[in-house]
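Chemist: Predicted coordinates and the sequence they were generated for:
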Amino acid sequence: MLVKVFGSAVFGVEATTITIEVNIDKGIGYHLVGLPDNAIKESSYRIAAALKNNGYQLPGKKIVINMAPADLRKEGSAYDLPIAIGILAASGQINPENTDRFMIMGELSLDGSLLPIKGALPIAIKAREEGFEGLIVPKENAREAAVVEGITVYGISNVTEIIDFFKGIAAPEPETVDFEKEFGPLSDCSEFDFADVKGQESIKRCLEIAAAGGHNIILIGPPGSGKTMLAKRFPGILPPMTMQEALETTKIHSVAGKIKESGLIRQRPFRSPHHTASSVSLVGGGSYPQPGEISLAHNGVLFLDELPEFKREVLEVLRQPLEDREVTISRAKFTITYPASFMLVASMNPSPGGYFSSPDAPIASSPMEMQRYLGKLSGPLLDRIDIHVEVNPVPFEKLSDMQPGESSVIIRKRVTAARQVQNRRFEHQKNIHYNAQMTTRQIREYCILDDQALQLLKSAMERLNLSARAYDRILKVARTIADLEASESVLPVHIAEAIQYRSLDREGWLG
């Protein structure tokens, strides 16, 4: 008897429907075809033990299982459950009539309990697109999959529950998500708040501009000046995620197996990899490609502390994703593209000793040490960082001041207002939502300067020997400053402030 059951394979952040055809005939043997990997080939042992421990068994006949399309490689143990259901239906142990109306995925333990899988959200989206009546997944993945409207999601804990379901004995309760509660307003209480930061008003201003326009920023200062403290509070001033952003981010974390019964990810991600990270861990890839840190930071923040401590080849792989906001991983037989629209926040000491090159510095570094240290940061990479700012140590008077600073909630309101201005400006532009994403065409359209502003920018370009990319970055930052001040035009004062935020372009830095 031939039975078809449906599962799904995830490639990148998209799912593909897999048809599992099970045919039981006279003879003996267990034959699994359709380019399965070792984890799928070993499924026969897990399935046999799980069924036997729950009062069922593999038929003593010839079992042929084909996973179509047969030329597409299948990976992972999440096919245990659909294969088991296919075998039970083809052998007549359960009713085969309704098995093709559901998409089924899950990994079996030897006692028949189900273990969570990766990629439940993109699988649910695909099941809805394909018109399936419902999706059956392990209990731990049900809440994550249920955020997709238009499809019924069943979360089960044991294989007996799905067997009873197809026998018509009992049906599990569909998983439901209260979207008003799930996507309601977030609490303003946060562990990290800008009110805790003493002094550093100019740096807070830079971070506010970066948040308002989605700009990349690098903080340069000696140890203890507050760079890491400021960076950790940066996500708290970013505007709330939209439903589309939440779905995109959740999908990536789902594929990476980073979701634990949390449903939608509503907080913007904050990823802070150690400086020993490899290029593959940063951009993604591997034998079985997985999203890297830059994709896990999609719609959020990637914080690189002690930037020159990272290997140069690791930093260089950031250049293309910073520009294109996606990363493509190519292999001999397939190509996967992961989204990577993140904000880069980096910090660094000004020298190997940790202090600025001045006679008062407690630790001096030789010119050769400085060149070796700063040589890891290439010009093209720094060109892609919109804001460079020096962070000076906080004086004692500020540290001992008991008056709280401006809170993240107040700053976020100004940032959100500026983002709303940009959303209206780019509402008819595809894939452009804030100033940092502007192309050259949009810069020419929305960053028109008067003669005074043009002359000021020309002088800065010639004196600092800036590149064409740096020219565009200054205009983008100036546009954001104007938006924060609710100004229709980019004024000379906005250009002047934006030029200040190119510290690493000044004479004396990077040679």
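Modeler: Noted; the coordinates are in hand. Note that the structure is predicted; figures quoted are calculated from it, not measured.
Chemist: that's a helix at Y338, yeah?
Modeler: No. Counting by DSSP: H, G, I helix; E, B strand; the rest coil, one finds Y338 to be strand, located in no helix.
Chemist: buried stuff in stretch 223-234?
Modeler: Judged by neighbour count using 16 or more other CB atoms under 10 Å, the buried positions of stretch 223-234 are 225-228, 230-234. (Glycine included, C-beta is placed from N, CA and C.)
Chemist: Okay, helices next: where are they in the stretch 101-250 of the chain?
Modeler: 120-129, 139-145, 159-167, 179-182, 201-213, 227-233, 243-255 (DSSP state H, counting those that start in this stretch).
Chemist: Worst mean pLDDT among those helices?
Modeler: Ranked on mean pLDDT, the bottom entry among those is helix 179-182, at a mean of 66.
Chemist: burial count for the closest residue to I151 other than its chain neighbours?
Modeler: Take I151 and drop its neighbours on the chain: the residue closest to it by CB to CB, 6 or more residues apart in numbering is R128, 4.3 Å away. Using other CB atoms under 10 Å, R128 has 18 neighbouring residues.
Chemist: ok so, going back, of the helices of the stretch 101-250 of the chain, which is nearest S44?
Modeler: The closest approach between S44 and any of the helices of the stretch 101-250 of the chain, judged by CB to CB, belongs to helix 159-167 at 14.8 Å.
Chemist: I'd like to know which elements that closest one is packed against.
Modeler: helix 80-90, strand 152-156 (3 or more CB pairs under 8 Å, 6 or more residues apart in numbering; DSSP states H and E).
Chemist: any idea of the mean pLDDT in the lengthiest strand in the chain?
Modeler: Longest strand of the chain, by residue count under DSSP state E: strand 14-25. Mean per-residue pLDDT for strand 14-25: 95.
Chemist: winner for burial among the helices and strands packed on helix 159-167?
Modeler: helix 80-90 (a mean of 27; mean count of other CB atoms under 10 Å).
Chemist: Now do the helix or strand where M368 lies: distance to the chain's middle.
Modeler: According to DSSP states H and E, M368 maps onto helix 367-374. Here helix 367-374 shows a centroid-to-chain-centroid distance of 34 Å under the convention CA atoms, centre = their mean, to the nearest Å.
Chemist: V153: what's it in contact with?
Modeler: 124, 134-135, 137, 142, 145-146, 174-175 (CB atoms under 8 Å, 6 or more residues apart in numbering).
Chemist: Oops, could you answer that again for N216 instead?
Modeler: Here N216 is in contact with 210, 322, 343-346, 384-387, 436 (CB under 8 Å, 6+ apart).
Chemist: Report the lowest-confidence entry in those residues.
Modeler: R384 (86).
Chemist: How many residues are close by that one?
Modeler: 19.
Chemist: so where's the stretch 51-200 of the chain shaky on pLDDT?
Modeler: Along the stretch 51-200 of the chain, segments meeting pLDDT under 70 span 179-190.
Chemist: swap that for the stretch 301-450 of the chain, please
Modeler: The low-confidence ranges in the stretch 301-450 of the chain, as defined by pLDDT under 70, are 356-364.
Chemist: H274 and A297: what is the separation?
Modeler: Using CB to CB, to the nearest Å, H274 is found at 15 Å from A297.
Chemist: thinking again about what came up before, of all the helices and strands packed on helix 159-167, which one comes closest to S281?
Modeler: Among the helices and strands packed on helix 159-167, helix 80-90 sits nearest to S281 (CB to CB), with 28.7 Å.
Chemist: Endpoint to endpoint, stretch 98-113 covers what distance?
Modeler: 22 Å (CA to CA, to the nearest Å).
Chemist: which residues does P291 contact?
Modeler: Taking CB under 8 Å, 6+ apart, we find P291 in contact with 13, 252, 255-256, 284, 338.
Chemist: give me the beta-bridge partners of it?
Modeler: Beta-bridge partners of P291, counted by DSSP bridges, are G284.
Chemist: Apart from its neighbours in sequence, what residue is nearest K41?
Modeler: Spatial nearest neighbour of K41, chain neighbours left out: L32 (6.1 Å); criterion: CB to CB, 6+ apart.
Chemist: Kindly report the domain assignment for this protein.
Modeler: As given by automatic domain parsing, the domain ranges for the chain are 2-177, 194-505.
Chemist: Could you report the neighbour count for the closest residue to T328 other than its chain neighbours?
Modeler: Distance criterion CB to CB, 6+ apart; nearest residue to T328, sequence neighbours excluded, is T337 at 4.7 Å. Residues lying near T337 (other CB under 10 Å) number 16.
Chemist: residue ranges for the strands of the stretch 301-450 of the chain, please.
Modeler: For the stretch 301-450 of the chain, the strands defined by DSSP state E, counting those that start in this stretch cover 301-304, 326-330, 335-339, 343-348, 387-390.
Chemist: re the thing from before, quick one: the residue nearest to K41 is in a strand?
Modeler: Yes. Assignment of L32 by three-state DSSP places it within a strand.
Chemist: hang on, it packs against E42?
Modeler: No. Using CB atoms under 8 Å, L32 makes no contact with E42, being 9.9 Å away.
Chemist: returning to what we had before: what sits against the residue nearest to I151?
Modeler: 148-151.
Chemist: same thing but 10 Å
Modeler: By CB atoms under 10 Å, 6 or more residues apart in numbering, the residues touching R128 are 103, 135, 145, 148-153.
Chemist: Nearest to F192, out of the strands of the stretch 301-450 of the chain?
Modeler: Nearest of these to F192, taken as CB to CB: strand 301-304 at 11.9 Å.
Chemist: Can you name every helix or strand that the closest one contacts?
Modeler: In terms of contacts (3 or more CB pairs under 10 Å, 6 or more residues apart in numbering; DSSP states H and E), strand 301-304 is packed against helix 227-233, strand 270-271, helix 293-296, strand 343-348.
Chemist: which one of the ones you listed lies closest to I28?
Modeler: Judging the helices and strands packed on strand 301-304 by CB to CB, what sits closest to I28 is helix 293-296, at 46.5 Å.
Chemist: tell me what the closest one is packed against?
Modeler: Using 3+ CB pairs under 10 Å, 6+ apart: helix 293-296 touches helix 243-255, strand 270-271, helix 279-283, strand 284-285, strand 301-304, helix 319-324, strand 326-330, strand 335-339.
Chemist: go with 8 Å
Modeler: On a contact count with 3+ CB pairs under 8 Å, 6+ apart, helix 293-296 meets helix 243-255, strand 270-271, helix 279-283.
Chemist: Most neighbours of all the contacts of P291, which one?
Modeler: In terms of neighbour count, V255 stands highest of the contacts of P291 at 27 neighbours, by other CB under 10 Å.
Chemist: what residues are up against the spatially closest residue to that one that is not a sequence neighbour?
Modeler: In space, and not counting its chain neighbours, V255 is closest to G119: 4.8 Å by CB to CB, 6+ apart. By CB under 8 Å, 6+ apart, G119 lies in contact with 8, 10, 15, 254-255.
Chemist: Could you measure from G119 over to A332?
Modeler: Distance, G119 to A332, by CB to CB: 23 Å.
Chemist: I'd like the helices and strands packed on strand 301-304 laid out as JSON lines, including distance to G214.
Modeler: Putting those into JSON lines (distance: least, CB to CB, whole Å) gives the following:
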{"stretch": "helix 227-233", "distance to G214": "16"}
{"stretch": "strand 270-271", "distance to G214": "15"}
{"stretch": "helix 293-296", "distance to G214": "15"}
{"stretch": "strand 343-348", "distance to G214": "6"}
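Chemist: picking that back up, tell me which of the helices and strands packed on helix 159-167 sits nearest to S279.
Modeler: Each of these has some distance to S279 by CB to CB; the shortest is helix 80-90, at 33.9 Å.
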